[in-house]
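Chemist: pasting the sequence and the predicted coordinates here, then a few questions.
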Amino acid sequence: MRAAVMYSPGDIRLEDIPKPEATPGHVVLRVAAVGVCGSDIPRMLIKGAHKMPIVCGHEFSGHIAEIGEGVEGFRVGDLVGVPPMLPCHKCDQCLTGNFSRCRDYDYFGSRRDGAYAEYVAVPVSNLLRAPEGMDPRATAMIDPASIALHAVWKAPPTAGQRGAVIGCGPIGLFAIQWMKLMGCTEVVAIDVAVEKLEQARTAGATHTFLAGEAIPADLKCDLIVEAAGHPSSINTAAKLAAPGGHVVFIGIPVGDVTLENATFQHFLRQEVSLHGAWNSFGAPYPGKQWTVTLDSLATGKLKWEFMISHELGLEELPAMFEKIRNRSEVFAKIMFRP
């Protein structure tokens, strides 16, 4: 089968590799759609993965092509989404249902081969059946949408409150929509790109600002989701909080982060709560984050198609990542259809 294999950061080759087998308790999926996650970019171009060579790609959907011994409840042809974490189910965090904090997990696309390939083997415990007629591209976007929901659920807004999102990539755009669905009457969106702010307005943002623009003092927010991971946006997020507000951090910084004195004074004196949010999983695995998101995408409560800027064949993956490295391509959600 064809697969995009990463040998080292930036060395990505389209190759023929052995097709996986349907071992007991597993199915083999024909990959239908796989999206580029923001974490794929530093992994594939800068930092590398936990093991190499490796096939990356963890935001994916597929149709069941083969079924291994002992698998029940699924049929060949079923469209499924795949929670990419394989928790140990043994550590203290797993035993209390906090699978996102598993101490000994496996993960598609960073610790085991993922879905930048024609086929991938998946244990039955990681299959989430899509409703009849659901678009495979929407099914592949359960992961970023559920990450946004996991973050918003850290401090769920109530009707009439004001939310904010900093960093309007797909996760941020889904966070805007979740805030509106939960009753926020206003949502502030901040990004470095005009194009991303246009998408934020499509998602439901009522106020948009380019990063660095002055934000009116009377526009403090009850819940802020920081999805950029840049030191300046992290400081902005904390200072944007209303008295007693909440800030949830899901952006992953590359370098060190320094909190300005003004930032510290604000969240200290205004009793602002700071939260971390990692991954998107709950109990029973993969949790309501995934089942609620699946339903919301399938029924149209969540908009997703406007986020897709590129829809490409697998053979175009190495060149696309080279364009990303050279910053020669403007993109939102890149979707490959192997």
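Modeler: Yep, it's here.
Chemist: what residue is smack in the middle of this protein?
Modeler: Centroid-nearest residue in the chain, with C-alpha atoms, centre = their mean: P144, separated by 2.6 Å.
Chemist: phi, psi for that one please.
Modeler: phi -60, psi -30 (degrees, to the nearest 10).
Chemist: residues in contact with it?
Modeler: G35, C37, E59, P170, I171, F174 (C-beta atoms under 8 Å, 6 or more residues apart in numbering). Quick note: C-beta positions are derived from backbone N, CA and C, even for glycine.
Chemist: report pLDDT for it.
Modeler: Confidence at P144, expressed as pLDDT, is 98.
Chemist: could you do the one 10 residues further on as well?
Modeler: pLDDT recorded at K154 is 97.
Chemist: I'd assumed A277 was in contact with it.
Modeler: Yes - K154 is within contact range of A277, at 5.5 Å (criterion: C-beta atoms under 8 Å).
Chemist: identify the contacts common to the two.
Modeler: In contact with both K154 and A277: V248, using C-beta under 8 Å, 6+ apart.
Chemist: ok, the two, which is more surrounded?
Modeler: A277 (21 against 17; other C-beta atoms under 10 Å).
Chemist: please enumerate the helices of the chain.
Modeler: 40-42, 92-95, 136-139, 142-152, 170-181, 194-203, 231-239, 261-269, 288-298, 317-326 (DSSP state H).
Chemist: list the buried residues for the shortest one?
Modeler: Read that as helix 40-42. D40 (16 or more other C-beta atoms under 10 Å).
Chemist: let me see the mean pLDDT of that helix.
Modeler: 95.
Chemist: and for the third one?
Modeler: For helix 136-139, the per-residue pLDDT values average out at 98.
Chemist: packing partners for it?
Modeler: On a contact count with 3 or more C-beta pairs under 8 Å, 6 or more residues apart in numbering; DSSP states H and E, helix 136-139 meets strand 26-35, strand 59-67, strand 79-81, helix 288-298.
Chemist: can you put the ones you listed in a markdown table and add mean neighbour count?
Modeler: A markdown table is the format used below for the helices and strands packed on helix 136-139 (neighbours: other C-beta atoms under 10 Å):
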| stretch | mean neighbour count |
| --- | --- |
| strand 26-35 | 24 |
| strand 59-67 | 23 |
| strand 79-81 | 24 |
| helix 288-298 | 20 |
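Chemist: redo those as a markdown table? Include distance to H246 and mean pLDDT.
Modeler: Shown next, in a markdown table, are those (distance: least, C-beta to C-beta, whole Å; pLDDT from 0 to 100):
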| stretch | distance to H246 | mean pLDDT |
| --- | --- | --- |
| strand 26-35 | 28 | 98 |
| strand 59-67 | 27 | 98 |
| strand 79-81 | 29 | 98 |
| helix 288-298 | 18 | 98 |
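Chemist: quick one: which of these is nearest E213?
Modeler: Each of these was scored for nearness to E213 using C-beta to C-beta, and the closest is strand 26-35 (29.6 Å).
Chemist: mind giving me the packing neighbours of that closest one?
Modeler: Using 3+ C-beta pairs under 8 Å, 6+ apart: strand 26-35 touches strand 59-67, strand 119-123, helix 136-139, strand 333-336.
Chemist: what pairs with the first one, parallel or antiparallel?
Modeler: Spelled out, that is strand 59-67. strand 26-35 (antiparallel), strand 79-81 (antiparallel) (DSSP bridges).
Chemist: adding distance to E118, write those out as TSV.
Modeler: Converted to TSV, these look like this (distance: least, C-beta to C-beta, whole Å):
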stretch	distance to E118
strand 26-35	6
strand 79-81	16
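Chemist: identify whichever of those lies nearest to V248.
Modeler: strand 26-35 (22.2 Å).
Chemist: CA atoms of that closest one as PDB?
Modeler: Extracted in PDB, the C-alpha atoms of strand 26-35 (Å, rounded to 0.1, in the frame of the first residue of the first chain):
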ATOM      1  CA  HIS A  26      -8.600  -5.400  15.300                       C
ATOM      2  CA  VAL A  27     -10.000  -4.200  12.000                       C
ATOM      3  CA  VAL A  28      -8.200  -2.900   8.900                       C
ATOM      4  CA  LEU A  29      -9.600   0.500   7.700                       C
ATOM      5  CA  ARG A  30      -9.400   1.800   4.200                       C
ATOM      6  CA  VAL A  31      -8.600   5.400   5.100                       C
ATOM      7  CA  ALA A  32     -11.300   7.800   3.800                       C
ATOM      8  CA  ALA A  33     -10.100  11.100   5.000                       C
ATOM      9  CA  VAL A  34      -7.200  12.300   7.200                       C
ATOM     10  CA  GLY A  35      -6.600  15.900   8.300                       C
END
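Chemist: just how off-centre is that strand within its chain?
Modeler: 17 Å (C-alpha atoms, centre = their mean, to the nearest Å).
Chemist: since that was my last question, I'll sign off now.
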